[in-house]
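[1] Sharing a model that was predicted from the sequence below.
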Amino acid sequence: MTRSQAGFTLIEVLVTVVIVGILSAVAIPAYSGHVTRSRTAEAFTALGAAQANAEQFWGNNRTYAGYDGASAFPAATPNFTYALSNATASTFTITATGRARMTGFTYTIDQNGTRATTATAGWGTNTACWVDKKGGQCSS
């Protein structure tokens, strides 16, 4: 009389657990990086719109003084808060500061359209662009 096997052997179960563990160790950090990159787009969109609005204000008034940005960008979004500083006759700076899961990320734009990354929670900084990839890399 032969007996048929019912179930999995311990080795088969352990091999499956190891494979799932290796895949998780690679996939979870990669997914987390992609989610963070997608959240940076929120700041880039708001800063770009705010800069265009500030230029329109300057075109109408020939000064940035008095520009409050209230109509150009929200005070806060789920991942960033926004603030206008240095609004004079010829200059302004708008800053997006990360909050919640984006804490540590800070991006700016000024009257010349200069984009700068002053903090990215370990991703790197750049005075000429907005860093959106690990290693201080910027999109074109």
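    Noted; the coordinates are in hand.
[2] Contacts only, for W130.
    T40, A43, F44, L47, Y107, R115, A116, T117, C138, S139 (Cβ atoms under 8 Å, 6 or more residues apart in numbering). Glycine gets a C-beta too; all of them are placed from N, C-alpha and C.
[3] can you give me the strands in the chain?
    For the chain, strands defined by DSSP state E occupy the ranges 80-85, 93-98, 105-110, 115-120, 131-133, 137-138.
[4] any chance of those in CSV, plus mean neighbour count?
    Formatted as CSV, these follow (neighbours: other Cβ atoms under 10 Å):
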stretch, mean neighbour count
strand 80-85, 17
strand 93-98, 22
strand 105-110, 22
strand 115-120, 19
strand 131-133, 20
strand 137-138, 13
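[5] Compile those into TSV and extend it with columns for mean pLDDT.
    TSV is the format used below for the strands of the chain (pLDDT from 0 to 100):
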stretch	mean pLDDT
strand 80-85	91
strand 93-98	94
strand 105-110	94
strand 115-120	90
strand 131-133	88
strand 137-138	82
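[6] Quick one: closest of these to L14.
    L14 sits nearest to strand 131-133 of all these, at 36.9 Å, using Cβ to Cβ.
[7] Next, please give the residue ranges for the helices of this protein.
    Here the chain has its helices, by DSSP state H, at 10-61.
[8] Give the pairing partners of the helix or strand bottoming out on mean pLDDT in it; include direction for each.
    Least confident helix or strand, the chain: strand 137-138 with a mean of 82, by mean pLDDT, DSSP states H and E. Sheet pairing for strand 137-138, assigned by DSSP bridges, gives strand 131-133 (antiparallel).
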